[in-house]
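1. What would the 3D arrangement of this be:
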Amino acid sequence: MSKEASSGLAAPMPDVQSARDLRNVPIDRVGVKHITYPIVLHCPRTGGSQHTVAKVNMYVSLPHYQKGTHMSRFLEALNHFHQTIRVDQMKEICKDMRKRLQAQDAHMEVAFPYFLQKKAPVSGAPGMIDVQVRFEVSSNASEDFIMGVRVPATSLCPCSKEISAYGAHNQRCEIEARIRCAPGKYLWIEDLVELIEQSASMQVYPVLKRPDEKYVTEKAYDNPKFVEDIVRDLAVKLDADARIIWYHVTSENYESIHNHNAYAEVERDKR
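-> Residues are numbered from 1 along each chain as shown. You can find the predicted model right below:
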């Protein structure tokens, strides 16, 4: 009989992840993806808070000599901050990940729908519309935070308007802006949504009565934009905002007369 059995103690379980790896290949990011998790956001522009459900990705770097990471510790770090996390805790969660996993770098991505109340432009009919938000936090010797917002909008083709005897084809588009702000500076989600919507031919609304539909159709017709115009106009707005030090903007226009989409993007580091 073994000493462990005779003493009544179970043999320690092997920690394979901590074994030495001899391939001399460090890993930039390893972790877990697509965790569904409740979060709560403070809403200073509207007051109160908003509860939503996010998809969470969590990663750390892995040194060349370590065989694997400890996957359960990512969830332990997340659950350590209670059952519902706040966005302002993301930096602390990344620090906790580094500590628990003894990693040099930690990275966290949180993507979720965010709901805004919008009133129709003429009738004032209220409704809720969702935009897609993504926060990215990195923690190592320094910290990095990126906010991304993807907003639906309308674009109307300038070429179609110019060459047609009447009418012009339009598209629903999705415009996304990802930004970094200067230290101590912030943009609220609503601020970035407004800048994006101002760059389209026309914004979209959850509820439209007939007078509203006439209004948005005519406004789009009077404000035609190529996909190139959208990203350039948005870039100009972000350039003019001193709070923003880096941005990456895209627009994907879902064509109504083609079986493909139009796309453009611009990235700029203002530092």
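
2. Skip the chain neighbours and tell me the closest residue to the most centrally placed residue in the chain.
-> Taking CA atoms, centre = their mean, the centroid of the chain lies closest to residue 134, which sits 1.6 Å from it. In space, and not counting its chain neighbours, residue 134 is closest to residue 148: 4.0 Å by CB to CB, 6 or more residues apart in numbering. Using the backbone N, CA and C atoms, a C-beta is placed for each residue, glycine as well.

3. From the contact counts, what lies against the helix or strand where the one you found lies?
-> Per DSSP states H and E, residue 148 falls inside strand 143-156. For strand 143-156, the contact count by 3 or more CB pairs under 8 Å, 6 or more residues apart in numbering; DSSP states H and E identifies helix 90-101, strand 126-139, strand 170-181, helix 189-197, strand 202-203, helix 210-221, helix 227-240 as packing neighbours.

4. residue contacts, the residue nearest to the centre of the chain?
-> 109, 110, 111, 112, 146, 147, 148, 149, 150, 178 (CB atoms under 8 Å, 6 or more residues apart in numbering).

5. For the one helix or strand the second one maps to, what is the distance to the chain centroid?
-> Following DSSP H and E, one finds residue 110 within strand 106-119. Relative to the chain's own centre, strand 106-119 is displaced by 7 Å; criterion: CA atoms, centre = their mean, to the nearest Å.

6. Counting by contacts, list what that strand packs against.
-> Under the contact definition 3+ CB pairs under 8 Å, 6+ apart, strand 106-119 sits against strand 27-42, strand 49-62, helix 90-101, strand 126-139, helix 189-197.

7. what comes up buried for that strand?
-> By neighbour count on 16 or more other CB atoms under 10 Å, the buried set for strand 106-119 is 106, 107, 108, 109, 110, 111, 112, 114, 116, 118.

8. pLDDT on it, on average?
-> Averaged across strand 106-119, the pLDDT comes to 96.

9. what does stretch 117-132 contact?
-> For stretch 117-132, contacts defined as CB under 8 Å, 6+ apart pick out 46, 111-116, 149-152, 189, 193, 204-209, 211-212, 214-216.

10. My error: substitute stretch 216-234 in the last question.
-> Contact with stretch 216-234 is made by 121, 153-161, 168, 170, 173, 175, 177, 195-196, 198-205, 208, 249-253, 262-266, as judged by CB under 8 Å, 6+ apart.

11. likewise stretch 64-77?
-> Residues outside stretch 64-77 that contact it (CB under 8 Å, 6+ apart): 16-21, 23-26, 30-32, 35, 58, 60, 62, 93, 96-97, 100-101, 103.

12. returning to what we had before: show me what the residue nearest to the centre of the chain is bridged to.
-> Residue 134 has these beta-bridge partners by DSSP bridges: residue 111, residue 148.

13. With the one 5 residues further on instead?
-> Listed by DSSP bridges, the beta-bridge partners for residue 139 are residue 106, residue 143.

14. any idea of the pLDDT on it?
-> For residue 139, the model assigns a pLDDT of 93.

15. distance of it from residue 101?
-> 12 Å (CB to CB, to the nearest Å).

16. cool, residue 269 as well?
-> Computed as CB to CB, the residue 269 to residue 101 distance reads 30 Å.

17. per-residue pLDDT, residue 3?
-> 49.

18. For the remainder of this discussion, apply numbering that starts at 362.
-> Let's use 362 as the start, then, which means that last one is residue 364.
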